[in-house]
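Student: this one's sequence-less:
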């Protein structure tokens with residue numbers, strides 16, 4: 001299956017999610033802090049897809065310019081969504097890494113409740129990302145209010161938040177004793193247990209099922 005067909009499948013699954021759940025089940029801005037050991041904390045303001053009461057929390061540190069992150073998005077994301085997110089067994093928290101302009105852009109899109117649409121569009125067109133102006137054009141292409149988005153991005157409203165996400169990721173890597181040469185994106189924490197890289201879907205299933213059975 002080529003990337004275009006995979007992308008269409010992912011979009012279909014995400015639209016199915018939205019049809020099954022109300023928006024406020026997906027983007028919780030006032031989540032209670034959850035701590036799975038020393039890593040994997042859930043913070044207020046996190047970008048989250050899924051039921052906040054789901055027993056399994058998947059945190060993804062990723063970059064829109066990361067080849068392996070796109071591999072996960074194209075090959076695994078839709079399966080996890082269908083099997084665990086839609087069913088309420090797990091929730092997924094997105095924590096974008098630099099470039100900071102991209103992290104800020106998705107947070108600006110989230111202000112207009114367009115995070116998922118913008119997130120998907122960025123990955124589908126990540127080979128075309130070359131400037132802040134491109135990010136603004138992308139936002140316009142998916143129906144985001146241009147004036148609001150551009151003002152948000154130009155003002156660097158979320159610069160400090162983007163830096164916090166990066167620092168939190170590096171902190172989690174260290175606490176999880178991930179070797180320096182393996183610290184990067186994508187990295188996942190499933191109820192605190194680390195998965196490094198775009199591993200096969202079966203590896204995610206093994207860890208998620210072990211958490212569900214605990």
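Tutor: Received the coordinates, thanks. Everything numeric in this text was worked out from a predicted model, so none of it was measured.
Student: Skipping its backbone neighbours, what lies nearest the residue nearest the centre of the chain in space?
Tutor: A centroid search over the chain (C-alpha atoms, centre = their mean) returns residue 94, at 2.6 Å, as the residue closest to the centre. Nearest residue to residue 94, sequence neighbours excluded (C-beta to C-beta, 6 or more residues apart in numbering): residue 47, at 4.4 Å. To be clear about C-beta, it is placed using only N, CA and C from the backbone, and glycine gets the same treatment.
Student: Contacts only, for that neighbour.
Tutor: 27, 93-95, 106-107, 110, 115 (C-beta atoms under 8 Å, 6 or more residues apart in numbering).
Student: List phi and psi for residue 117.
Tutor: Residue 117 adopts backbone torsions of phi -60, psi -40, taken as degrees, to the nearest 10.
Student: all strands of this protein, in order?
Tutor: Assigned strands in the chain, in chain order: 34-36, 39-42, 47-49, 56-62, 90-96, 187-190, 193-196 (criterion: DSSP state E).
Student: weakest of the ones you listed by average pLDDT?
Tutor: Sorting those by mean pLDDT places strand 34-36 lowest, at a mean of 47.
Student: ok so, going back, how much space is there between the residue nearest to residue 94 and residue 205?
Tutor: 23 Å (C-beta to C-beta, to the nearest Å).
Student: and what of residue 101?
Tutor: Taking C-beta to C-beta, one finds residue 101 at 35 Å from residue 205.
Student: OK, contacts around residue 200?
Tutor: So residue 200 contacts residue 76 (C-beta under 8 Å, 6+ apart).
Student: The same query, at a cut-off of 10 Å, please.
Tutor: Neighbouring residues of residue 200 by C-beta atoms under 10 Å, 6 or more residues apart in numbering: 75-76, 206.
Student: Which one of these sits in the busiest neighbourhood?
Tutor: residue 76 (19 neighbours; other C-beta atoms under 10 Å).
Student: residues contacting the closest residue to that one other than its chain neighbours?
Tutor: Distances taken as C-beta to C-beta, 6+ apart put residue 201 closest to residue 76, at 4.9 Å, once the chain neighbours are dropped. By C-beta under 10 Å, 6+ apart, the contact set of residue 201 is 72, 75-80, 83.
Student: on that earlier part again, would you reformat the contacts of residue 200 as a markdown table and include pLDDT and distance to residue 183?
Tutor: Putting the contacts of residue 200 into a markdown table (pLDDT from 0 to 100; distance: C-beta to C-beta, whole Å) gives the following:
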| residue | pLDDT | distance to residue 183 |
| --- | --- | --- |
| 75 | 96 | 23 |
| 76 | 97 | 21 |
| 206 | 98 | 22 |
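Student: so the spatially closest residue to residue 182 that is not a sequence neighbour bridges to which residues?
Tutor: Distance criterion C-beta to C-beta, 6+ apart; nearest residue to residue 182, sequence neighbours excluded, is residue 196 at 5.6 Å. Beta-bridge pairing for residue 196 (DSSP bridges): residue 187.
Student: and residue 196, what is it in contact with?
Tutor: 68, 173, 176, 178-179, 182-188.
Student: could you pull out the helices for the chain?
Tutor: All helices of the chain, identified by DSSP state H, fall at 3-20, 67-75, 77-80, 100-111, 115-124, 132-141, 146-154, 159-175, 201-212.
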